[in-house]
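>>> requesting a structural model of the entry that follows:
(2 chains)
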Protein chains: 2
Amino acid sequence: MVVGAGLAGLSAARSLESSGHSVVVLEARERVGGRTFNGTTADGTVVELGGQWVGPTQDRVLALADELDLERFPTYNGGENLVFYRGGTARYRGAIPKLPAPVLADVGQAQFRLDRMARRVPLDAPWQAKRAGDWDAQTVETWLRRNMRTSGGRGMLRLGVRAVFAAEPADLSLLHFLFYSHSGGLLDRLFNVKDGAQEERIVGGSQLLALRLAERLAGPVVLSAATRRITQDDDGVVVAADGHELRARHVVVAVPPLLAGHIDYEPGLPPWRDQLTQRMPMGSVTKCMAVYDEPFWRGDGLTGQVTDDVGPVQLTFDNSPPSGSPGILLAFLEGTHARELSHVTPDQRREAVTGCLARFFGPRAGTPLDYVELQWAAERWSGGCYGATLAPGTLSQFGPALRHPCGRIHWAGTESATVWAGYMDGAIRSGERVAAELHRLL
Amino acid sequence: MVVGAGLAGLSAARSLESSGHSVVVLEARERVGGRTFNGTTADGTVVELGGQWVGPTQDRVLALADELDLERFPTYNGGENLVFYRGGTARYRGAIPKLPAPVLADVGQAQFRLDRMARRVPLDAPWQAKRAGDWDAQTVETWLRRNMRTSGGRGMLRLGVRAVFAAEPADLSLLHFLFYSHSGGLLDRLFNVKDGAQEERIVGGSQLLALRLAERLAGPVVLSAATRRITQDDDGVVVAADGHELRARHVVVAVPPLLAGHIDYEPGLPPWRDQLTQRMPMGSVTKCMAVYDEPFWRGDGLTGQVTDDVGPVQLTFDNSPPSGSPGILLAFLEGTHARELSHVTPDQRREAVTGCLARFFGPRAGTPLDYVELQWAAERWSGGCYGATLAPGTLSQFGPALRHPCGRIHWAGTESATVWAGYMDGAIRSGERVAAELHRLL
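As a prediction, the model looks like this:
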């Protein structure tokens, strides 16, 4: 039995089935895919409102896309990016924004030092890093304030943290940040389009991964069946979900730890596991799509990628479909910006977002034909995106509980991954890992 | 309608009834009292396994005890305390342990500075402190490492943090720490027995406050009725609990924010509220009582209070009943010590605790007649004790959601208090505050 039909749960089910086991998947939502979701614009174009990109070294998601006959295409990256900084604007090519030299040097040195520290965090046991106690006692913000010289440089790093975690540097444990960075192949890989985690997209939308996985399972995927209680004894487990009560020998719980903590367990989980789930809040991101008849910025020689030092939108991408029609700008509200704009009406939020787009790309960007957004923190069955953001004290004191089974209950989900934790690739890896763990027992 | 029959929920119900409203209280447990709980030893003596002490300026809990005809008695404090430090032992009188002068000076200066900062945190809006952003971007551990000179002094402050929060300085936002400290009347008041938060006890045990409150309510207190779903519309709320579905005009949710976050809401709560509940993990404490035929340490001129720099027990109290028979030592496992000892069997934990007691008070303390403990992190309907421990980034970004009603849902609980937040007194104040808030609407 598997709880959760996101990429982790479905991958676990697929691996278990291919080892000859029979599996039922229970899913709370009316759809599969979890934190991937293909929305549509008014004209029927697919827009990915959740996780969408794949990139080099994400071997498991790339292999899965191939297996499922899904094609990929490069994230639009032709031309120049824009950077808005201290009231000015500059165009630049490549990954390094055109900023004052002292700021670039500051950012470069910080990245170098953070990468060097990150390499020292063991991916399968970050709590065993030699300086784990020290790094898990401070926030990323504390590190930035102590170790960076320019306020512009700190601003850029804060933007980078928001882009990767949908959280503030003040929210995050330095150890968690370093683990996460190491897990994805260090900071440049996390930040970049070319040769980075934003390099490619899935034709037809990333949710197709989950939709096709689900179609190809032999066992049922039961939708609208939120799991409420898991009872275990020496013989097996009983999973009580809305409208269903099912027995199995073991259960894989493949939902964010936050939501795993909402399930009633009988007998209760040990404190070291329950208190872990109390300490894995989800990030804050609202993903916004502005739709135009064409990607007009391309004609101006622009990639559609913006870096802005003010916000609330600090980061944009060209998110048009492979055909280039319609033109779609993806604008992110992340961390504090998503939080502040969770207090206003959808119309006010749209206005704030399109206002930024007009500032970046001119008045035409301010009046899109259509606008679609998803506020992930309002999603009952995710709690937020992209993933869990660990505060200081969590990883070093509770980390070993991330993957340690509790009797017949086994844990999956991208938060439990060691490689590409927090990404689609990590979700798939976690599903395959838990399937292997179970296969050895069965 | 009130969800939760701890001191907050029962106080809210009582205040609402006294204003002429009719109230039903739903409680998940088979008992009232929440984080107060009167256990019993083998010989039938009441031992308080949850919150137990009251002290000066805790006006609401003192008044409530009086109203409910509950007597108080002083925490046993006659004689000398013991401090164990760097392999040595010293006896001392009063609140200041006998430690090397540089350590005492270091601790004194740190307390002075922390108190000065704490006074600058507005109790009703800590996020408006002038330096809120700065203080909420760092952990208490970061502050200690930067601002204290002696490792012995830092060790003492860490012990103090564990004693007050059942958490590690690395887990806590400095802003939350300062707010909490100001809320209870600054650090000496939080730490001390005489003139402090540990000054007095309730004859018969602190849970009597809740038991008597519940008895005196006109409306029903429905036990074993965990609230699972709250639906609201323009007319009122429907609360679905195990075996019950009840309608009301408004509902007060008076459980820890963590657990309020486990309830399904229809329509869903706004992100700023849901994501607050994701960020309020509970502290880690196991409260252990060792029972002897008499409080033999008193004969040696000892109060039974120990401060130890090693642990796992770092703090003890004489917790004998007013009669002094039997003799009871209360030993705390807090923060990292509670967490580490959550991985072992109850017998191993008992051995670790009685081993410390023997080290403190001699071999007689190592072989109690009886031993009773409560591991609060294993309590399904608390999630931990003493209260929520806020990591950096929470109070400044999500704090306003602590008391802001969501439509017809109003929030109580000691975590929502402005005065004596985290204490029994704060719980009562929060109940009275929410009742006044509702009375204005009804």
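>>> could you find the closest non-adjacent residue to A:Ala417?
A:Gly426 (3.2 Å; Cβ to Cβ, 6 or more residues apart in numbering or on different chains). Backbone N, C-alpha and C define where each C-beta goes, glycine included.
>>> please tell me I have it right and that neighbour contacts A:Ser183.
Yes. With contacts counted by Cβ atoms under 8 Å, A:Gly426 reaches A:Ser183, the gap being 7.2 Å.
>>> tell me how many other residues crowd A:Gly44.
6 (other Cβ atoms under 10 Å in any protein chain shown).
>>> quick one: it is in a helix?
No. Residue state for A:Gly44 (DSSP: H, G, I helix; E, B strand; the rest coil) corresponds to coil; a helix is not indicated.
>>> and it, how close does it get to chain B?
27 Å (Cβ to the nearest Cβ, to the nearest Å).
>>> quick one, what contacts A:Gly160?
A:Gly160 sits next to A:Leu187, A:Phe191 when contact means Cβ atoms under 8 Å, 6 or more residues apart in numbering or on different chains.
>>> now A:Gln348
For A:Gln348, the contact set (Cβ under 8 Å, 6+ apart) comprises A:Leu341.
>>> any idea how far it is from chain B?
14 Å.
>>> which element is that residue on?
Assessed by DSSP states H and E, A:Gln348 sits inside helix A:346-361.
>>> next structured bit after that helix?
Next along from helix A:346-361, by DSSP H and E: helix A:363-366.
>>> and the following helix or strand past that following helix, what does it pack against?
Downstream of helix A:363-366, the first helix or strand assigned by DSSP H and E is strand A:370-375. In terms of contacts (3 or more Cβ pairs under 8 Å, 6 or more residues apart in numbering or on different chains; DSSP states H and E), strand A:370-375 is packed against strand A:38-40, strand A:285-292, helix A:346-361.
>>> hmm, try it at 6 Å
Applying 3 or more Cβ pairs under 6 Å, 6 or more residues apart in numbering or on different chains; DSSP states H and E, one finds that strand A:370-375 contacts strand A:285-292.
>>> parallel or antiparallel, list what pairs with the strand it packs on.
The pairing partners recorded for strand A:285-292 under DSSP bridges are strand A:327-334 (antiparallel), strand A:370-375 (antiparallel).
>>> now those in JSON lines, with mean neighbour count?
Shown next, in JSON lines, are these (neighbours: other Cβ atoms under 10 Å in any protein chain shown):
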{"stretch": "strand A:327-334", "mean neighbour count": "26"}
{"stretch": "strand A:370-375", "mean neighbour count": "19"}
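>>> mean pLDDT added to those strands, as CSV?
Output for the strands paired with strand A:285-292, formatted as CSV (pLDDT from 0 to 100):
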stretch, mean pLDDT
strand A:327-334, 98
strand A:370-375, 98
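>>> would you mind giving those as TSV with distance to B:Phe84 added?
Shown next, in TSV, are the strands paired with strand A:285-292 (distance: least, Cβ to Cβ, whole Å):
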stretch	distance to B:Phe84
strand A:327-334	49
strand A:370-375	53
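>>> closest one to A:Val238 among those strands?
For the strands paired with strand A:285-292, the distance to A:Val238 is smallest for strand A:370-375, at 34.3 Å, taking Cβ to Cβ.
>>> name the helices or strands packed onto the following helix or strand past the closest one?
Scanning forward in sequence from strand A:370-375 by DSSP H and E, the next helix or strand is helix A:394-398. Packing contacts for helix A:394-398, counted by 3+ Cβ pairs under 6 Å, 6+ apart, involve no helix or strand.
>>> now do the helices in the stretch 1-150 of chain A.
For the stretch 1-150 of chain A, applying DSSP state H, counting those that start in this stretch gives helices covering A:7-18, A:59-67, A:101-118, A:132-135, A:140-147.
>>> deepest-packed of those helices, please.
Mean neighbour count, computed with mean count of other Cβ atoms under 10 Å in any protein chain shown, is highest for helix A:7-18 among the helices of the stretch 1-150 of chain A, reaching a mean of 27.
>>> what about A:Gly426 and A:Ser183, which has more around it?
More crowded of A:Gly426 and A:Ser183, by other Cβ under 10 Å: A:Gly426, with 27 against 22.
>>> test my guess that that one contacts A:Thr414.
Yes. Between A:Gly426 and A:Thr414 there is a contact under Cβ atoms under 6 Å: 4.1 Å.
>>> relative to strand A:370-375, how tilted is the helix holding A:Gln348?
Taking axes from the mean of the first three to the mean of the last three Cα atoms, to 10 degrees, helix A:346-361 and strand A:370-375 form an angle of 110 degrees between their directions.
>>> tell me the domain boundaries of chain A?
Segmentation of chain A into domains, based on automatic domain parsing, reads A:2-34+A:206-269+A:406-441, A:72-78+A:196-202+A:283-378, A:100-191.
>>> can you lay out the ones you listed as TSV showing distance to B:Val310?
Shown next, in TSV, are the domains of chain A (distance: least, Cβ to Cβ, whole Å):
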stretch	distance to B:Val310
domain A:2-34+A:206-269+A:406-441	30
domain A:72-78+A:196-202+A:283-378	38
domain A:100-191	17
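>>> B:Gln128 is nearest to which of these?
Of all these, domain A:72-78+A:196-202+A:283-378 sits nearest to B:Gln128, with 15.5 Å by Cβ to Cβ.
>>> roughly how far is that closest one from the heart of the chain?
Average the C-alpha atoms of domain A:72-78+A:196-202+A:283-378, do the same for its chain, and the two points are 17 Å apart (Cα atoms, centre = their mean, to the nearest Å).
>>> start to end distance for that domain?
Domain A:72-78+A:196-202+A:283-378 has an end-to-end distance of 30 Å (Cα to Cα, to the nearest Å).
>>> name the nearest residue to A:Gln198, sequence neighbours excluded.
Setting aside the residues directly before and after it, A:Gln198 is nearest to A:Trp53 in space (Cβ to Cβ, 6+ apart), at 4.5 Å.
>>> burial count for the one you found?
Counted with other Cβ under 10 Å, A:Trp53 comes out at 20.
>>> so it touches A:Ile202, yeah?
No. Counting by Cβ under 6 Å, A:Trp53 does not reach A:Ile202; the two are 8.9 Å apart.
>>> what residues does the stretch 51-200 of chain A have near chain B?
A:Ala137, A:Gln138, A:Thr139, A:Glu141, A:Thr142, A:Glu168, A:Ala170, A:Asp171 (Cβ under 6 Å from any Cβ of the partner chain).
>>> now with 8 Å, please.
Neighbours of chain B within the stretch 51-200 of chain A, by Cβ under 8 Å from any Cβ of the partner chain: A:133, A:136-139, A:141-142, A:145, A:167-172.
>>> now these in TSV, with pLDDT?
Output for these, formatted as TSV (pLDDT from 0 to 100):
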residue	pLDDT
A:Gly133	97
A:Asp136	98
A:Ala137	98
A:Gln138	98
A:Thr139	98
A:Glu141	98
A:Thr142	98
A:Arg145	98
A:Ala167	98
A:Glu168	98
A:Pro169	98
A:Ala170	98
A:Asp171	98
A:Leu172	98
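>>> how about these, which pair is most distant?
Of all pairs drawn from these, the greatest distance, 22.8 Å, lies between A:Gly133 and A:Glu168 (Cβ to Cβ).
>>> off-centre distance for stretch A:212-224?
Distance, centroid of stretch A:212-224 to centroid of chain: 23 Å (Cα atoms, centre = their mean).
>>> do stretch A:161-177 as well
12 Å.
>>> what does stretch A:226-233 give?
Centroid separation between stretch A:226-233 and its chain, computed with Cα atoms, centre = their mean, is 27 Å.
>>> count of neighbours near the residue lying closest to A:Ala365 once chain neighbours are set aside?
Computed as Cβ to Cβ, 6+ apart, the closest residue to A:Ala365 that is not its neighbour in sequence is A:Leu357, at 4.0 Å. By the criterion of other Cβ under 10 Å, A:Leu357 has 25 neighbours.
>>> tell me how far A:Leu357 lies from A:Pro368.
Per Cβ to Cβ, to the nearest Å, A:Leu357 is found 8 Å from A:Pro368.
>>> could you do A:Arg349 as well?
14 Å.
>>> try A:Leu302
Separation of A:Leu302 from A:Pro368 (Cβ to Cβ): 16 Å.
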